[in-house]
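Visitor: Pasting the sequence and the predicted model now:
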Protein chains: 2
Amino acid sequence: MFALVSMTLPATLQADGDIEAGKEKAGPCVVCHGKDGRAAIEAYPHIGGQHEAYLVYALKAYKENLRRGGQAAIMQGMAANLSEQDIADLAAYFASLERK
Amino acid sequence: MFALVSMTLPATLQADGDIEAGKEKAGPCVVCHGKDGRAAIEAYPHIGGQHEAYLVYALKAYKENLRRGGQAAIMQGMAANLSEQDIADLAAYFASLERK
């Protein structure tokens, strides 16, 4: 049977995200992902209301150049200088938005 | 100024997705991503109502092992044997679901 693997990040490895701080830092993100996390451009994902832990995974993968292909080059640049706290705050903010 | 790059896939490179065919093929996907494309597990992304072109990008990146880190190993396995048409159908199906 397909083994359902639940791989949540160990809490010690992940900073606690601050939604308000994330909102302050989200300026560059909304250019492509939209003010409410709904991307206007088809090639960019909606991220509003996405799972917080997944957003942390994705941002870290871009930061560590583990994601290539498609728009990855843009996101690598965006994530390169993000700190652990920035990533946690941005993930908390966009996860807090309504999925619409 | 940040150059907004719109990189939609050239139509010739992308098969037309068939929503019903995608629904038939979605069995393995819903185990992690949920029947309505809402993942129950925090580390997996919601994909219901996601942009179709983005889903095609992401599936191709997993298939071509261009995405690593986080859950990528699972997705590489899932995408490895998908055809161009499978990818288009699955993307069309999950994009057609309501974002809730």
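Guide: Received it, and whenever you're ready, just let me know what you need. Numbers count the residues shown, from 1 in each chain, chains lettered A, B, ... in the order given.
Visitor: What residues does chain A have near chain B?
Guide: A:2, A:4-9, A:28, A:31-32, A:39, A:41-46, A:49-54, A:57-58, A:60-61, A:64, A:66-72, A:74, A:99-100 (Cβ under 8 Å from any Cβ of the partner chain). Where C-beta positions appear, they are placed from N, C-alpha and C, glycine not excepted.
Visitor: Show me just the buried residues among those residues.
Guide: Among the residues of chain A next to chain B, those classed as buried by neighbour count (16 or more other Cβ atoms under 10 Å in any protein chain shown) are A:32, A:39, A:41-46, A:49-54, A:57-58, A:60-61, A:66-72, A:74, A:99.
Visitor: In helices, which of these fall?
Guide: The helices, defined by DSSP state H, take in A:32, A:52-54, A:57-58, A:60-61, A:72, A:74 from those.
Visitor: Now render those as CSV, adding distance to residue A:19 and pLDDT.
Guide: Shown next, in CSV, are these (distance: Cβ to Cβ, whole Å; pLDDT from 0 to 100):
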residue, distance to residue A:19, pLDDT
A:32, 20, 95
A:52, 10, 97
A:53, 15, 95
A:54, 16, 95
A:57, 19, 94
A:58, 18, 95
A:60, 19, 95
A:61, 22, 95
A:72, 26, 91
A:74, 25, 94
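Visitor: where are the low-confidence patches of chain A?
Guide: A:1-14 (pLDDT under 70).
Visitor: Let me see the contact set for the nearest residue to residue A:72 once chain neighbours are set aside.
Guide: Leaving aside its chain neighbours, residue A:72 sits nearest to residue A:62 (6.7 Å; criterion: Cβ to Cβ, 6 or more residues apart in numbering or on different chains). By Cβ atoms under 8 Å, 6 or more residues apart in numbering or on different chains, the contact list for residue A:62 reads A:72, A:75-76, A:78-79.
Visitor: Residue A:17: which of those residues is nearest?
Guide: Nearest to residue A:17 out of these is residue A:79 (Cβ to Cβ; 15.1 Å).
Visitor: tally of neighbours for the closest one?
Guide: By the criterion of other Cβ atoms under 10 Å in any protein chain shown, residue A:79 has 21 neighbours.
Visitor: With the one 10 residues further on instead?
Guide: When counting by other Cβ under 10 Å, one arrives at 24 neighbours for residue A:89.
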